[in-house]
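Q: I need the structure of the sequence given here:
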Amino acid sequence: MTPIPDLTMPFSDAPHRAGAGSAQPLCMSIAHDADEHARNLHGWHQTYDQLSAGRFTGTLVELFLDRMTVFHETTSHTLRQTCEVKSDAYWFGIPVCDAGAGRIDGQPIGEHALALRPGGVEFELLTPAHHEFFGIVVKGDVLRRYASDVEHLGLGQPLSDASVVPIGAARKARLVASLRAILERSARRGTPPSAFLRNQLQSSVLEALFDLCATPSRLECASIQRSTYRRRLALVMDARDYAIAHRDRPIGVPELCEQLHVSRRTLQYCFQDVAGLSPVAYLRALRLNGARRDLADAGHTAPHPHTVQDIATAWGFWHFSQFSADYRRLFGVRPSDTLKGGHPLA
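A: The predicted structure is shown next:
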């Protein structure tokens with residue numbers, strides 16, 4: 001059996017290990033010199049030339065995951081940038097401003113587009129004053145493994161030689177909102193994210209990138225349309241059985257795709273058609289219901305043999321405050337209310 005894609009494996013030239021001199025997963029900086037600002041971005045070879053007059057200000061927030069870096073950058077003045085990310089990596093740049101998004105190697109990026117370049121190749125960026133954009137740097141082997149095992153694509157399909165990829169206003173807005181939320185939550189957390197959370201974050205970013213840069217092949221679309229409802233139902237049931245068999249940990253979409261030998265689009269289509277929910281939402285609800293039954297059964301036994309946290313952990317909910325919030329959102333009561341209620345759910 002092919003190993004499940006593991007996005008949490010460390011890589012030797014991770015920016016926060018090799019360049020930052022710190023194991024901190026989140027790094028924030030402010031610079032008042034363009035060269036200083038360029039040096040603050042870890043894992044790059046680059047030079048910033050300031051082209052418009054005035055005192056420069058640049059801000060940078062970098063989130064270092066195991067095999068990926070997500071960052072947010074603002075610059076106050078017009079810049080010419082020569083940039084090169086490390087070899088066997090890919091950079092995706094998403095300008096936030098609609099007008100005047102800048103140029104890459106002389107080509108306008110466009111108001112509803114993203115820029116991308118492979119590592120080991122120098123490129124030039126021209127960015128206007130008051131520029132804001134998000135960046136993602138991903139190791140090449142991660143992209144290849146994810147493309148093969150989860151998307152069932154060759155890496156050449158989603159990543160062409162183009163340096164600018166039009167993605168549309170709505171999809172760009174969703175990506176920007178998602179990346180902004182990831183960085184803001186990481187800044188508020190105050191503690192390093194767990195291995196599971198890091199893996200989740202990386203998977204969600206990869207999923208968003210492939211949604212933007214790839215479209216399903218005609219063959220895949222036809223295959224999904226030809227599949228019978230019985231086959232789609234069987235796939236959902238197989239995913240449910242696998243998740244229940246591994247209830248002590250959350251099961252992500254990449255792992256399901258690997259175990260069930262289907263692409264992410266096929267899995268999502270089947271869940272939406274059969275259950276009306278995404279795989280993640282459906283399986284989370286399944287585990288929450290399992291926890292609810294165990295809480296009710298434990299409440300019926302005096303003294304209580306288990307705590308709320310015991311039962312939450314047994315169902316793969318390791319972030320207790322998030323479990324409580326999700327539980328209350330789904331059932332309208334707190335987990336402790338169910339435990340105290342003492343009404344078994346037969």
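Q: tell me, what's the model's pLDDT at A195?
A: Looking at A195, its pLDDT reads 77.
Q: next one: the one 10 residues further on
A: With respect to pLDDT, V205 has a value of 86.
Q: which element is it on?
A: V205 belongs to helix 195-213 when assigned by DSSP states H and E.
Q: elements contacting that helix?
A: strand 68-75, strand 131-139, helix 140-146, helix 169-189, helix 253-260 (3 or more C-beta pairs under 8 Å, 6 or more residues apart in numbering; DSSP states H and E). All C-beta atoms are positioned from the backbone trio N, CA, C, and that covers glycine.
Q: using PDB, list the CA coordinates for the first one.
A: Extracted as PDB, the C-alpha positions of strand 68-75 are listed here (Å, rounded to 0.1, in the frame of the first residue of the first chain):
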ATOM      1  CA  MET A  68       5.200  25.400   3.700                       C
ATOM      2  CA  THR A  69       5.400  29.100   4.500                       C
ATOM      3  CA  VAL A  70       2.500  31.400   4.400                       C
ATOM      4  CA  PHE A  71       3.200  35.200   4.600                       C
ATOM      5  CA  HIS A  72       1.500  38.600   4.400                       C
ATOM      6  CA  GLU A  73       3.500  41.600   3.200                       C
ATOM      7  CA  THR A  74       2.800  45.300   2.900                       C
ATOM      8  CA  THR A  75       5.100  47.900   1.400                       C
END
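Q: list the strands paired with it, with their directions.
A: Here strand 68-75 has these sheet partners by DSSP bridges: strand 58-64 (antiparallel), strand 131-139 (antiparallel).
Q: neighbours of the residue lying closest to E207 once chain neighbours are set aside, how many?
A: Distance criterion C-beta to C-beta, 6 or more residues apart in numbering; nearest residue to E207, sequence neighbours excluded, is R264 at 6.9 Å. Residues lying near R264 (other C-beta atoms under 10 Å) number 24.
Q: A243 too?
A: For A243, the neighbour count with other C-beta under 10 Å is 22.
Q: host element of it?
A: A243 is located in helix 229-245, with elements delineated by DSSP H and E.
Q: how close does V121 sit to Y90?
A: Plainly put, V121 is 10 Å away from Y90 if you go by C-beta to C-beta, to the nearest Å.
Q: of those two, give the one with the bigger neighbour count.
A: More neighbours surround Y90 than the other of V121 and Y90, with 19 against 13 (other C-beta under 10 Å).
Q: hang on, that one in a strand?
A: Yes: Y90: assigned to a strand according to DSSP: H, G, I helix; E, B strand; the rest coil.
Q: that one bridge partners, please.
A: Beta-bridge partners for Y90, by DSSP bridges, are P118, V138.
Q: surely it and G120 touch.
A: No: counting by C-beta atoms under 8 Å, Y90 does not reach G120; the two are 10.5 Å apart.
Q: any idea what the closest residue to I30 other than its chain neighbours is bridged to?
A: Nearest non-adjacent residue to I30, counting by C-beta to C-beta, 6+ apart: T59, 5.4 Å away. Beta-bridge pairing for T59 (DSSP bridges): I30, T74.
Q: out of the helices and strands packed on helix 195-213, which is closest to L206?
A: Of all the helices and strands packed on helix 195-213, the one in closest proximity to L206, counting by C-beta to C-beta, is helix 140-146 (5.0 Å).
Q: the helix or strand just after that closest one pairs with which strands, and in what direction?
A: Using DSSP H and E, the next helix or strand after helix 140-146 towards the C-terminus is strand 164-166. Sheet neighbours of strand 164-166, with direction, are listed as strand 113-118 (antiparallel) (DSSP bridges).
Q: format the CA atom coordinates belonging to the partner strand as PDB.
A: The C-alpha trace of strand 113-118 is given here as PDB (Å, rounded to 0.1, in the frame of the first residue of the first chain):
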ATOM      1  CA  ALA A 113      -5.000  36.800 -10.900                       C
ATOM      2  CA  LEU A 114      -2.100  35.300  -8.900                       C
ATOM      3  CA  ALA A 115       1.600  35.000  -9.800                       C
ATOM      4  CA  LEU A 116       3.600  31.900  -9.500                       C
ATOM      5  CA  ARG A 117       7.300  31.000 -10.000                       C
ATOM      6  CA  PRO A 118       9.300  27.800  -9.400                       C
END
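Q: now do the contacts for the residue nearest to V137 when sequence neighbours are not counted.
A: Excluding its sequence neighbours, the residue lying closest to V137 (C-beta to C-beta, 6+ apart) is T69, at 4.6 Å. Contact analysis of T69 by C-beta atoms under 8 Å, 6 or more residues apart in numbering lists 15, 42-43, 62-63, 135-137.
Q: closest to R174 among the residues you listed?
A: I136 (14.5 Å).
Q: I'd say the closest one and H72 touch.
A: No: applying C-beta under 8 Å as the test, I136 and H72 come out as separate, 10.6 Å apart.
Q: any weak-confidence spans in this protein?
A: Judged against pLDDT under 70, the low-scoring parts of the chain cover residues 1-23, 98-100, 154-161, 213-227, 301-305, 342-346.
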